[in-house]
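[1] Next come a sequence and a model predicted from it.
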Amino acid sequence: MISPQLQPSYPRKWTRALLVLVVAFGFHADFCLAQSLTRAESLKIAESFIQHRWHSSAKNVRHGKDADGIEVHTPDRDGGHGNPLSECWVPDAENTGVAYKWGGNDSPKSFSAGIRTGKAAGDVYTSEKRRRGGQAVSGN
């Protein structure tokens with residue numbers, strides 16, 4: 001039998017480390033639970049995207065490659081790349097609903113800010129984008 005002075009201290013160190021991890025994950029789990037959305041809150045957010053009103057201009061239309069060589073096609077009605085065309089936005093008019101952007105992550109507020117600065121109003125899916133994954137997200 002090994003004397004207590006010669007026993008390795010690993011079990012004590014591992015116990016402390018495990019305790020720290022359990023406490024840290026416990027606080028993190030409480031924080032994440034506090035961040036959860038209810039079904040009603042999720043529907044309210046979705047409705048804000050659907051009902052968002054914005055005014056487009058010709059500056060928001062894109063058909064072709066952007067500065068990074070990524071093919072961009074906005075879902076405008078005249079461009080013919082969105083589907084169904086009846087649901088596509090109309091240039092130089094008031095439109096309703098945040099335009100779809102493949103790989104995009106806009107809120108209604110950031111979408112409108114981009115529209116005002118002349119960014120593309122959405123970007124439809126293409127098989128090339130699917131193949132390239134996250135590298136095919138346009139910044140325009």
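    On my side now, so go ahead. Numbers count the residues shown, from 1 in each chain.

[2] Grab the most central residue of this protein for me.
    In the chain, the residue lying closest to the centroid (C-alpha atoms, centre = their mean) is Asn105, at 3.0 Å.

[3] Using just helix, strand and coil, how would you label that one?
    Put simply, Asn105 is coil when judged by DSSP: H, G, I helix; E, B strand; the rest coil.

[4] and it, how far is that from Asp123?
    Distance from Asn105 to Asp123, counting by C-beta to C-beta, to the nearest Å: 12 Å. In this view, the C-beta of every residue, glycine as well, is placed from N, C-alpha and C.

[5] care to break the protein down by domain?
    Taking automatic domain parsing as the criterion, the chain consists of the domains 8-37, 41-136.

[6] Mean confidence (pLDDT) on the first one, please.
    Average pLDDT, domain 8-37: 50.

[7] Just give the number of residues close to Pro75.
    Per other C-beta atoms under 10 Å, the neighbour tally for Pro75 reads 23.

[8] Next, the buried residues of stretch 93-110.
    By neighbour count with 16 or more other C-beta atoms under 10 Å, stretch 93-110 contains the buried residues 95, 97-102, 104, 106, 108.

[9] Just the CA trace of that stretch, in PDB.
    Extracted in PDB, the C-alpha atoms of stretch 93-110 (Å, rounded to 0.1, in the frame of the first residue of the first chain):
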ATOM      1  CA  ALA A  93     -42.100  50.300 -56.000                       C
ATOM      2  CA  GLU A  94     -43.100  49.600 -52.400                       C
ATOM      3  CA  ASN A  95     -42.700  45.900 -51.700                       C
ATOM      4  CA  THR A  96     -43.700  43.700 -48.700                       C
ATOM      5  CA  GLY A  97     -41.500  41.100 -47.200                       C
ATOM      6  CA  VAL A  98     -37.800  40.800 -46.700                       C
ATOM      7  CA  ALA A  99     -36.400  39.400 -50.000                       C
ATOM      8  CA  TYR A 100     -34.800  35.900 -49.800                       C
ATOM      9  CA  LYS A 101     -31.000  35.900 -49.800                       C
ATOM     10  CA  TRP A 102     -29.300  32.500 -50.100                       C
ATOM     11  CA  GLY A 103     -26.900  32.200 -47.100                       C
ATOM     12  CA  GLY A 104     -28.000  35.700 -45.900                       C
ATOM     13  CA  ASN A 105     -28.600  36.700 -42.300                       C
ATOM     14  CA  ASP A 106     -30.500  40.000 -42.300                       C
ATOM     15  CA  SER A 107     -33.100  41.400 -39.900                       C
ATOM     16  CA  PRO A 108     -35.800  43.600 -41.400                       C
ATOM     17  CA  LYS A 109     -33.800  46.600 -40.100                       C
ATOM     18  CA  SER A 110     -30.500  45.600 -41.600                       C
END
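
[10] Alright, I will stop here.
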